[in-house]
Structure formats: C-alpha cells, structure tokens
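A.B. asks: The sequence isn't on hand, but the structure is:
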C-alpha cells in the first residue's frame, strides 16, 4: 500500500545553489540533536546537515514560553543515554535547553545546524536516488535547495504555529483576553487578575501553580478529570550514589535503568490491575486534598494510562488548591459571555483572562509537501514499519517517540538503527532502501496508527486520519512498548523480506 498520485514536477529555480549532504536531519529539537550525535559517532564518514525552522535549537523547549514550562517525565530517561543528567528529575525548559546546548557544544554539532530554515517540500527521485529539499530562510525570505541521500525526520509531532482551541459559542463576546499557552504573549500580565484556565492535562497542571501566586485567583475548568502522579522532585537513588562519590556516568545509567524498571512495572499493573493502580493514584492526591475534592475533581472516568499521566513535582497544583489561591471546576462549557464562561450547570465563571490549555494540532511529518517520483505522498495511504518507515517511501526514517515512556528513549534506539542501516547499505552497495508488505502480509487487516482503546488523547483522535496505517503484526505497527523495542530493534534482520534494496 502506497499513497502517491501523479504530480507535475516543479520548474527548477534558476541559478539557485544546490548543496548536497549524505544525510539531512529535519529539526534541531530533542530528536534532531540526538540524531546528529548518533550519526556523527556511528557514521563519521557521512556528511550531514540539520535544518531547523526556529531561530535556535530546542524545539518545544525553545518555542513554548508560558510560565512554569517543565518536563512531564524524568530527565534520567528523557535525557540522552550518552549524556548524564545531574539535576532534579523534573526539569524546567531553561534547564533542558542548557543540557541540549552542552550536547551540541561537547560534540561539535553547531557547525552542522542551519537555523531559520523552514522546509516547504521534499521530493524523491528514483532516477537519481536523491531527496530534493526546498527551504526558506524565515528572516530573509531567501530560498535554498538541498539534495540528500537519506532523510531523517525529527521535526516533532505537533504544529508549532498554533495550538488547538475548540470553537465555543460566543467567544467573540468575551471582553477579556483569550490566550493559548503555545503562543504565550510576552506582554500578558496576570498580576491581580482573575484567570480561568481551560484544560486538564500537563500544561494546565503546570500553568496553574506557576501563576497562582500572582493572580487574584486562578480557576482550572476541566470537562473531565485526569490522573496525576504527585511526588518529590528528587531521585533518592541518584542522591545516594552521589553521596558515595560514584561517577556521574554510572549514576545516570543506574538511575535510568531503575526508573525504566519502575515505569515498566507501573505500566504492566495499569493494564493487569487497573483498579488497584487507580486507587493508589487517587490516594496520592488525597494526601494534599480533602476526599470530597478528590472525588469531585480528580477521579477520572477512564482506567489509568489511556492518556498520558503527568508527574506533579511536590504536588504543587494540589498545594495551590489547598491554599485557596486556585480552584477546580469540573463542568462543560455552554457558551462564552462578556464576563467569562457560562457552564452547562448554569453557573457563570467570571474572568479577566481565559487561557485555553486545550492541546495542540497534530502535524504529520512537519506539514511538508512530500512527493515520490512526481506523485504526491499521502502518508495515510501507507503502512508503517515499526512506526519509523513507510511503504513506498524510500530512504527516510521518522522519529516518533513513546507515550508511556520518555520520548527520547526512542531517539537513542532509532539512532542506532539508522546508523546500522546506513552502514549496511554501504556494505551492500545499495543506494536505496524501502519497506514493502511481504507475501504473508497480503490479507493483513489495516488499522489506525494507534489502538484508541489503549491510548486516545485528543490530538491523536483528531488527526488519526492523517497518519499511516498499521497492521496486526509487530513489524507493521508502532507498539509504543520501549521495553520490547529495546531488545527487538537491535535484532532486526536488515536483509529481511520487508526490506527492498536497489
């Protein structure tokens, strides 16, 4: 199954300089910087460039400016395996950017990165066995063309330009200001204001305690509750090892393995004994809030892990609620009013500022215009190979991380895979590799990218129709299981029937 249709080839740009690289990496966020490191270390003979649309490295951590922005998973696993993390497990955006900057500096990666290069199109030619990439400098408007043998997509999975805000009735009537955290204005001042935050995920849980001290009052309005894991922002094992003067590289590896072991056990239990896990999570919230508040506003209707569970360092949002600086309302929006929001219960919530922490819009491979041999590429008509390659799409890898574990774990795994694949192609003398369904896959049912019964956040449900299909066999799906993939991916037979070389 492929997703291509006939397309006229665009006219070449006259006298435009074309630069060629063996590998072109799209994005200088957490995935792109990791990819650059692995390529430099494991394929030192390959030339490569990283194209980034923003003005600097960091991706999510560079773009988001809202108060309190932090990781929602621990940095011992969100950090790279090759770069020890020495701070608190939950880190601020500034701390993560510092860490990434050190990776770039320590490994001489800066000279490979081109900033403010927004990619508009990527076109594969089987005649030349090359991708041609068109990019525009966002500061000058200049256009650039690159060719590359291999395309490594590390651009993330949501649209940077605008977050997702539902269209509620009468929004235009509200006299105050409506803001989405993804495009936080520099001039927004919440001091002394009544602020209403709509949402129930990690962003909302981060924002509320971050602004509660300045606001007159902040109210979190949620349609339904979600699960959180409150705990101290420290790792006792790492602290004990540091007290014993153990080398940081060993501390990082030991702590990383312990965290991964604990996460695997938690994930297993959430499926095998969901009610027990549910009660444990609610009891943890109950250490900060009265039982009535827990039952009313923090008891989800779904089993644990059907959506991502954010860690709440030191229970800060719950402390804010207990202190009276913040409050939570669980209800649905009827419509906006001049003063705020009218709920379906009939209650009106008044506000000076409304913040819509309502998620983001899925971006499939950076919203780039893809074509293969002059035919437009519709990824929804392809089948995924382990969530990283697609039928009918040559010489390309997509980094899509984990939902139930840190995103960066897959960056390291795929870094190893890509290096092994590129070196294997050199040994074979192959210029092109793609994946194709095998004879035994002929009647395989084609299913949505992710099983919505197991994981169903809003951004995926809204954008599932844009994503590649999966099969019912491990090779043709993104299992989202790091603990299986860490053993399976290194053992992939690169001469298996699903790989086609030319």
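C.D. replies: Okay, I see it. Given the structure is predicted, the values throughout are model-derived calculations rather than measurements.
A.B. asks: How is the chain partitioned into domains?
C.D. replies: 18-160+361-501, 165-358 (automatic domain parsing).
A.B. asks: How far off centre is stretch 405-425?
C.D. replies: In terms of Cα atoms, centre = their mean, to the nearest Å, the gap separating the centre of stretch 405-425 from the centre of its chain is 17 Å.
A.B. asks: right, I mislabeled it, should have said stretch 424-433
C.D. replies: Using Cα atoms, centre = their mean, the distance between the centre of stretch 424-433 and that of its chain works out at 31 Å.
A.B. asks: for it, which positions count as buried?
C.D. replies: Residues of stretch 424-433 classed as buried by neighbour count (16 or more other Cβ atoms under 10 Å): 425, 430, 432-433. In short, each C-beta sits where N, CA and C put it, glycine included.
A.B. asks: ditto for stretch 123-141
C.D. replies: Those would be 123-125, 130-136, for stretch 123-141 by 16+ other Cβ under 10 Å.
A.B. asks: one step back: mind putting the domains of the chain in CSV, mean pLDDT included?
C.D. replies: Written out in CSV, the entries for the domains of the chain read as follows (pLDDT from 0 to 100):
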stretch, mean pLDDT
domain 18-160+361-501, 94
domain 165-358, 95
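A.B. asks: if we look at stretch 203-215, which residues are touching it?
C.D. replies: Contacts with stretch 203-215, where a contact means Cβ atoms under 8 Å, 6 or more residues apart in numbering, come from 66-70, 72, 181, 190-195, 197-198, 218, 220, 222, 228, 310, 312, 316-317, 319-320, 323, 325-326, 355, 357.
A.B. asks: can I get the buried residues of stretch 424-433 in TSV with distance to residue 269 and secondary structure?
C.D. replies: Output for the buried residues of stretch 424-433, formatted as TSV (distance: Cβ to Cβ, whole Å; DSSP: H, G, I helix; E, B strand; the rest coil):
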residue	distance to residue 269	secondary structure
425	42	helix
430	45	coil
432	45	coil
433	40	strand
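A.B. asks: Those into a markdown table, with extra columns for distance to residue 490?
C.D. replies: Compiled in a markdown table, the buried residues of stretch 424-433 are given as follows (distance: Cβ to Cβ, whole Å):
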| residue | distance to residue 490 |
| --- | --- |
| 425 | 17 |
| 430 | 20 |
| 432 | 23 |
| 433 | 18 |
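A.B. asks: which two in those are spaced the farthest apart?
C.D. replies: Of all pairs drawn from these, the one with the largest separation by Cβ to Cβ is 425 and 432; the distance is 8.3 Å.
A.B. asks: Quickly list what's touching both of those two.
C.D. replies: When contacts are counted by Cβ under 8 Å, 6+ apart, residue 425 and residue 432 have residue 501 as shared neighbours.
A.B. asks: May I ask you to confirm that residue 23 is in contact with residue 146?
C.D. replies: No. Taking Cβ atoms under 8 Å as the definition, residue 23 is not a contact partner of residue 146, at 10.9 Å.
A.B. asks: Identify the contacts common to these two.
C.D. replies: residue 49.
A.B. asks: Then residue 103 would be within a helix, right?
C.D. replies: Yes. Applying DSSP: H, G, I helix; E, B strand; the rest coil, one finds residue 103 inside a helix.
A.B. asks: hey, what's residue 350 bridged with?
C.D. replies: Beta-bridge partners of residue 350, counted by DSSP bridges, are residue 340.
A.B. asks: can you pull the contacts of it?
C.D. replies: Contacts of residue 350 (Cβ under 8 Å, 6+ apart): 194, 339-340.
A.B. asks: ditto for residue 173
C.D. replies: By Cβ under 8 Å, 6+ apart, residue 173 lies in contact with 336-338.
A.B. asks: one more time with 10 Å, if that's ok
C.D. replies: In this structure, residue 173 makes contact with 335-339, judged by Cβ atoms under 10 Å, 6 or more residues apart in numbering.
A.B. asks: same thing with residue 318?
C.D. replies: Each residue near residue 318 by Cβ under 10 Å, 6+ apart is listed here: 205, 209, 228, 230, 284-289, 293-294, 298, 312, 326, 328.
A.B. asks: and what of residue 348?
C.D. replies: By Cβ under 10 Å, 6+ apart, the neighbours of residue 348 are 334, 337, 339-342.
A.B. asks: Helices of the stretch 351-500 of the chain, start to end?
C.D. replies: Counting by DSSP state H, counting those that start in this stretch, one finds helices in the stretch 351-500 of the chain at the ranges 408-428, 458-463, 482-488.
A.B. asks: The stretch 151-300 of the chain: helices as residue ranges?
C.D. replies: Counting by DSSP H, counting those that start in this stretch, the stretch 151-300 of the chain has helices at residues 202-212, 236-243, 248-272, 274-285, 291-297.
A.B. asks: Residue 272: neighbour count?
C.D. replies: Neighbourhood size, residue 272 [other Cβ atoms under 10 Å]: 9.
A.B. asks: Please determine how far it is located from residue 284.
C.D. replies: Note on residue 272: its distance to residue 284, by Cβ to Cβ, to the nearest Å, is 20 Å.
A.B. asks: next one: residue 139
C.D. replies: Between residue 139 and residue 284 the distance, using Cβ to Cβ, works out to 47 Å.
A.B. asks: go on, residue 157?
C.D. replies: 29 Å.
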